[in-house]
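Trainee: What follows is a predicted structure for the sequence shown.
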Amino acid sequence: MLVAEGLTKSYGNVHALRGADLDVEAGQIVALLGKNGAGKTTMISIIAGLLMADSGTVTLDGFDAQKDLDRASKLIGIAPQLTGVYGVLTVRENLEFFANLAGVPREQRTIEAKNVAERLGLADLLDRAAGKLSGGEQRRLHTGCALVHKPKLLMLDEPTVGADVATRAQLIDFVRDTAAEGSAVIYTTHYLNEVEALDADIVIIDDGQILGRGTRDELVDQHRMQGIEFTMHDELPDSIAQQLDAVAVGPSTYRVSRQIPVGELIAGLGPLSDQLLGVETLRPDLESVFLAVTGGSLTESDDADETVGT
Amino acid sequence: MAATQAILGVQLRMIRRDPWFLVIMFGMPLVVMPLFVKTMKLSLQAEGFADASGAEQVVPGQVVLFGFMVSGSVAFSVFREHGWNTWDRLRASAAPPASLLAGFGLPWIIIHVFYQVVLMVVGGVFVGLRLRGSVIAEFLVILSYSTCLIALVLFFTASLRTINQVQAIVNLGAMVFGGLGGALVPREQLPGWAQAVAPFTPSYWAMEGHRAVFLEPGGLADVAKPVGVLFVATLVLAGLAVKKFRVDETKEFFA
């Protein structure tokens, strides 16, 4: 369905994408997982034709999407990161407008608008002004507007940012249903629990590069973190850290990338062992995979500015 | 073309839902018109139009002046798409810049023509404006002024980054162009330098056309020059707007 190869994009001296590849099959959900600023939005913006890549190709259903934007736009539905609906128009009018914009014939627009509204739990709100919807309802409408022309490739950029728990669950169900009906879905996020709930193929992106891809289980198997993390009251002297093969991963927090008994750790710390505040065994999960692949944590970006768009 | 038609329809619908700006823009000239009729009557009589009522200057003058301010709305309608985060959604349709601009410009041409026609009719009822020339000629003057102003504001929209910049230019343009073009007072009363630069303003040509059908029994031939100038200016400004317009440029709505 989609093959993007060697995509690069720079904004001045900032390299947003550095030769990124991505392919998605019909009916497949690909979760593009990365911190804010990793390059997720730039990548889907290029695929959607909103940005031109400095180099690289985007092939959609066998044709060059960058050379035939009009044809590509009919196959792609994109819900950008920030909620964009017309507050003075009703839910129905919003959906019908975006269907019209995508070239859906007049007689089909009403039907498609109703279908999408039903699937997103907005059927009872069709005649309500979008500006009078709750934040979660607006978010669902925003997503629906991307889908009303039945695109073969649906791209959702951080669709659950700012959404309540119920809306998150509803959107995830919706994405799974959409893929089950045959659409390819690219879902950017930095929420690990969503990636697991989607049962998606995970693509890890960091600093404009694709660093890993696979199912959750495959990635955990490939990048399983072995070892322990321990926290000291004060920073360790370099000599002790080197002796233990411990790497600082936070303020006075260190990681040893092999399983060692606590007794061995205490012995290694010697007189500093009374400053040991806690020891944790690293569990094989997506967070540890992300740490292993990118060298940084996703959780630190969870509350970051959602408007960052590179 | 499909994008133009879709945007045109939704823009007209949004204007109908929130018409208060237009209501105010209708009200303001109606308040001003009666205040200046007597003064303008004397002024026009001094020019040699013995049976002028004054409405022949006041009504078209106010229409030209406030029409400039109304035309600024086309910029507002483009910029607010950025404020509403809907601009990228429009761009995702892959519509070319000219189609997008046409989608925003056409509804405002329709409304601008409607605005002028209504004010002229109301001016007839309340301050005695009487058409001496051809109604078709007057309609062409109105239409050409509308297209010229909307094209001019679309050029500002393409060239400027913030809505505040556009509003400042439109407000300044309304007063300066209106003053120089003879919308405030007959241009014969303006200083020589102002009369010399007046032909470079759309207001001047609009007033030329209006005077031909309200002060004299002018027909199509009498308005051909002002209408022609305004239509040519429309094409030039629309072309410049399309050339200058970058769909991927971020506009600041809340600047």
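Mentor: Yep, that arrived.
Trainee: residues in contact with A:V203?
Mentor: Residues in contact with A:V203 (C-beta atoms under 8 Å, 6 or more residues apart in numbering or on different chains) are A:L22, A:V30, A:A31, A:L32, A:L33, A:I210, A:G212, A:R213. C-beta here means a position set from N, CA and C on the backbone, and glycine is covered the same way.
Trainee: Please disregard the earlier target; I meant B:L101.
Mentor: Contacts of B:L101 by C-beta under 8 Å, 6+ apart are B:L154, B:A158, B:A238, B:A241, B:V242, B:F245.
Trainee: okay but the last one is in contact with B:A158, surely?
Mentor: Yes - at 3.9 Å, B:F245 and B:A158 qualify as touching, with contact defined as C-beta atoms under 8 Å.
Trainee: shaky segments in chain B?
Mentor: Within chain B, the stretches with pLDDT under 70 are B:255.
Trainee: tell me the mean pLDDT over the host helix or strand of A:E112?
Mentor: In this structure, A:E112 sits in helix A:106-119 according to DSSP states H and E. What helix A:106-119 shows for mean pLDDT is 94.
Trainee: And that helix, what does it pack against?
Mentor: helix A:91-101, helix A:135-147 (3 or more C-beta pairs under 8 Å, 6 or more residues apart in numbering or on different chains; DSSP states H and E).
Trainee: What are the contacting residues of that helix?
Mentor: A:91-92, A:95-96, A:99-100, A:104, A:122-123, A:125-126, A:144, A:147-150, A:174, A:177.
Trainee: how about 7 Å then?
Mentor: By C-beta atoms under 7 Å, 6 or more residues apart in numbering or on different chains, the surrounding residues in contact with helix A:106-119 are A:91-92, A:95-96, A:99-100, A:104, A:123, A:126, A:144, A:147-148, A:174, A:177.
Trainee: hmm, back to that, now, which of the contacts of A:V203 lie within strands?
Mentor: Using DSSP state E, the members of these that fall in strands are A:L22, A:V30, A:A31, A:L32, A:L33, A:I210, A:G212, A:R213.
Trainee: and B:L184, how many neighbours does it have?
Mentor: 20 (other C-beta atoms under 10 Å in any protein chain shown).
Trainee: go on, A:L244?
Mentor: 18.
Trainee: want to throw the ones in strands among the contacts of A:V203 into JSON lines with neighbour count?
Mentor: Formatted as JSON lines, these follow (neighbours: other C-beta atoms under 10 Å in any protein chain shown):
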{"residue": "A:L22", "neighbour count": "21"}
{"residue": "A:V30", "neighbour count": "23"}
{"residue": "A:A31", "neighbour count": "26"}
{"residue": "A:L32", "neighbour count": "28"}
{"residue": "A:L33", "neighbour count": "31"}
{"residue": "A:I210", "neighbour count": "21"}
{"residue": "A:G212", "neighbour count": "19"}
{"residue": "A:R213", "neighbour count": "18"}
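Trainee: quick one, helices of the stretch 151-255 of chain B?
Mentor: B:163-181, B:192-197, B:202-214, B:220-244 (DSSP state H, counting those that start in this stretch).
Trainee: Does B:C148 belong to a helix, a strand or coil?
Mentor: Under DSSP: H, G, I helix; E, B strand; the rest coil, B:C148 falls in the helix class.
Trainee: how near is it to B:L184?
Mentor: Applying C-beta to C-beta, to the nearest Å, the value for B:C148 to B:L184 is 19 Å.
Trainee: likewise B:I111?
Mentor: Counting by C-beta to C-beta - B:I111 and B:L184 are separated by 24 Å.
Trainee: just to revisit the earlier point, export the helices of the stretch 151-255 of chain B as a markdown table, with columns for mean neighbour count and distance to chain A.
Mentor: Output for those, formatted as a markdown table (neighbours: other C-beta atoms under 10 Å in any protein chain shown; distance: least, C-beta to the nearest C-beta, whole Å):
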| stretch | mean neighbour count | distance to chain A |
| --- | --- | --- |
| helix B:163-181 | 19 | 17 |
| helix B:192-197 | 11 | 41 |
| helix B:202-214 | 27 | 31 |
| helix B:220-244 | 18 | 17 |
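Trainee: now the ones you listed as a markdown table including distance to B:M25?
Mentor: Shown next, in a markdown table, are those (distance: least, C-beta to C-beta, whole Å):
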| stretch | distance to B:M25 |
| --- | --- |
| helix B:163-181 | 11 |
| helix B:192-197 | 26 |
| helix B:202-214 | 16 |
| helix B:220-244 | 21 |
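Trainee: Out of those, which gets nearest to A:L133?
Mentor: Nearest to A:L133 among these is helix B:163-181; the distance by C-beta to C-beta comes to 25.5 Å.
Trainee: State the number of residues packed around residue 35.
Mentor: Just so you know, I chose chain A. Using other C-beta under 10 Å, A:K35 has 22 neighbouring residues.
Trainee: Oops, wrong one, chain B.
Mentor: B:L35 has 10 neighbours, counted by other C-beta under 10 Å.
Trainee: residue contacts, it?
Mentor: For B:L35, the contact set (C-beta under 7 Å, 6+ apart) is empty.
Trainee: Relative to chain A, how far out is it?
Mentor: Using C-beta to the nearest C-beta, to the nearest Å, we find B:L35 at a distance of 35 Å from chain A.
Trainee: in what helix or strand does that residue lie?
Mentor: Counting by DSSP H and E, B:L35 is found in helix B:20-47.
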